[in-house]
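>>> predicted model and sequence follow; I will ask about them next.
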Amino acid sequence: MSTSLRNNQSVLLAAAALGLLGSGVALALFWAPEDADQGFSQRIFYIHVPVALTAYACFGWAAWKALRLLWLREERYDLESYVAVHLGVIFGVLTLATGSIWAKASWDVWWTWGERQLVLFLVLFLFYSAYFMLRYSVEPGRRRANLCAVYALFGVVLIPVSFLAIRLAEQFIHPVVFNADGPQMEDSMFATFLVCLAGTLALAGALYHVELAGKRIDARVRRLRELLA
Amino acid sequence: MAAYLGDVAALARKDLLLELRSRDTVPAMLLFVVAALVVFHFALPAGTGDDAANGLLWVGLLFTALLGLTRAFVAEREQGVMDGLVLAARDHSAIWLGKAVSIVAFLVVAEAVALPAYGLFFEPVGWELLAAVALANVGIAAVGTLLSAMAAASRARELLLPLLFLPLGIPIVVGGVGATVAEEPGRYLAFLALYDLVFAILSWASFEYVVTE
């Protein structure tokens, strides 16, 4: 892919993210009906849940790139996997922050061990923070790429295992919005949710391309400098 | 298959012999786990109940395992044995399996002291606890060996291993505490078995990439 096309791609994704998130927020504030139980504060759902799902998507994407690296042994997947983990952690922190705000509004506490998704994100945050410790404590090269890829694969397996563990460990107080019968909300709420989800995914995509381009330029500059030295 | 198991047995035997002669790791684990139990006695205010002691026992076991895992690849690294092993082994996962077997042996020795001490200090040890500990050993050794090899390849080493290991150890603690505290231990034991299976397969398949370039 040529550089200009790649640049266009990130510009397009950024524009899509801006449009979708803008309209998503507008829809969430003015169109979606007020929640009968929780009132206005429930509207943070339209940001909290899409951000959480986007974080999962980033971790999944990182594991997919890690698998490609181990399989095809192509160097470029290392950087792609790293950038995806990085964005996943950023969206994970946002999930923790918005979840904490929601918990304060709903239950008047900043943290609750009863909320499974929040606890899971705390575990994942600890796990993926160690990814950076690992990465920056190994010399760059093939070996580091392999280690990081294996760790990223462990992460994507840890997500369901931890979820099961937290489910086994905690009592149940989090409202279940999705169950086996499909989403339990009105059509307008679900549509708003989908717009917000598309918006955060587009935002993650745009950030992914921008960060990747930046990191690649960094690497090229470093190589050029080594050639000159 | 026979050749593979032969490799595993030879590697595990090497670790056990080394430990038998140098006595580097296991005595430290024994002393640590008993000292930790004594600390737990003072950490629990009167009337906290046996369930709290049980939770702390699992913390103690996990940290004791961590102590052993930190030392797991020290000899290989310091003497440059790892390069030789990577060149010699027919299948690199045999290195992982051999090390995991020796880690399980270390853990069993540590628990042979820790569990009676727990029974003496806190509450009697039931069959659920024994079953949970046996299952947890497999998971700890499987994941811990792989992460220990990872940490050995880094500059931070001993510093890094707990950071890598503890998030992965949380499900083990949930399963272990649940099996001994909850009404129906079966679910938690099954969860521990599932954890062992999933992470053993993953570690077995990915160890190759941790030790080679």
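Cool, got the structure. Residues are numbered from 1 along each chain as shown, chains lettered A, B, ... in the order given.

>>> now residue B:76: how far from residue A:142?
With the distance defined as Cβ to Cβ, to the nearest Å, residue B:76 ends up 20 Å from residue A:142. All C-beta spots, glycine's among them, are computed from the backbone N, C-alpha and C.

>>> tell me who's in contact with residue B:89.
Residue B:89 makes contact with B:7, B:11, B:95 under the criterion Cβ atoms under 8 Å, 6 or more residues apart in numbering or on different chains.

>>> compare residue B:76 and residue A:142 and say which is more crowded by neighbours.
Higher neighbour count among residue B:76 and residue A:142: residue B:76, with 21 against 14, using other Cβ atoms under 10 Å in any protein chain shown.

>>> spatially nearest residue to that one, not counting backbone neighbours?
Residue nearest to residue B:76 in three dimensions, not counting chain neighbours: residue B:82, with 4.4 Å by Cβ to Cβ, 6 or more residues apart in numbering or on different chains.

>>> which helices and strands sit right next to the host helix or strand of that neighbour?
Per DSSP states H and E, residue B:82 falls inside helix B:81-88. Packing partners of helix B:81-88 (3 or more Cβ pairs under 8 Å, 6 or more residues apart in numbering or on different chains; DSSP states H and E): helix B:74-78, helix B:185-211.

>>> pLDDT of the first one, averaged?
Per-residue confidence for helix B:74-78 averages out to 84 on the pLDDT scale.

>>> could you check the distance from residue A:152 over to residue B:72?
23 Å.

>>> let's verify the residue nearest the centre of chain A: helix, strand, or coil?
By Cα atoms, centre = their mean, chain A has its centre lying nearest to residue A:55, at 1.5 Å. Following DSSP: H, G, I helix; E, B strand; the rest coil, the label given to residue A:55 is helix.

>>> which residues are in contact with it?
Neighbouring residues of residue A:55 by Cβ under 8 Å, 6+ apart: A:88, A:91-92, A:94-95, A:121, A:124.

>>> out of the residues you listed, which is nearest to chain B?
Proximity of the contacts of residue A:55 to chain B (Cβ to the nearest Cβ) peaks at residue A:124, which lies at 7.8 Å.

>>> secondary structure element for that closest one?
Assigning secondary structure by DSSP H and E places residue A:124 in helix A:116-135.

>>> and the nearest residue to residue A:116 once chain neighbours are set aside, what pLDDT?
Excluding the flanking residues, the one nearest residue A:116 by Cβ to Cβ, 6+ apart is residue A:166, at 5.0 Å. The score at residue A:166 is 85. That number is its pLDDT.

>>> helices or strands up against the host helix or strand of residue A:166?
Following DSSP H and E, one finds residue A:166 within helix A:142-169. When contacts are defined as 3+ Cβ pairs under 8 Å, 6+ apart, helix A:142-169 packs onto helix A:45-72, helix A:76-107, helix A:116-135, helix B:127-152, helix B:160-181, helix B:185-211.

>>> repeat that with 6 Å
If you count contacts as 3 or more Cβ pairs under 6 Å, 6 or more residues apart in numbering or on different chains; DSSP states H and E, helix A:142-169 packs onto helix A:45-72, helix A:116-135, helix B:160-181, helix B:185-211.

>>> near chain A, which residues of chain B show up?
B:150, B:154-156, B:160, B:163-164, B:167, B:170-171, B:174, B:178, B:202, B:206, B:209-210, B:213 (Cβ under 6 Å from any Cβ of the partner chain).

>>> nice, that's everything, thank you.
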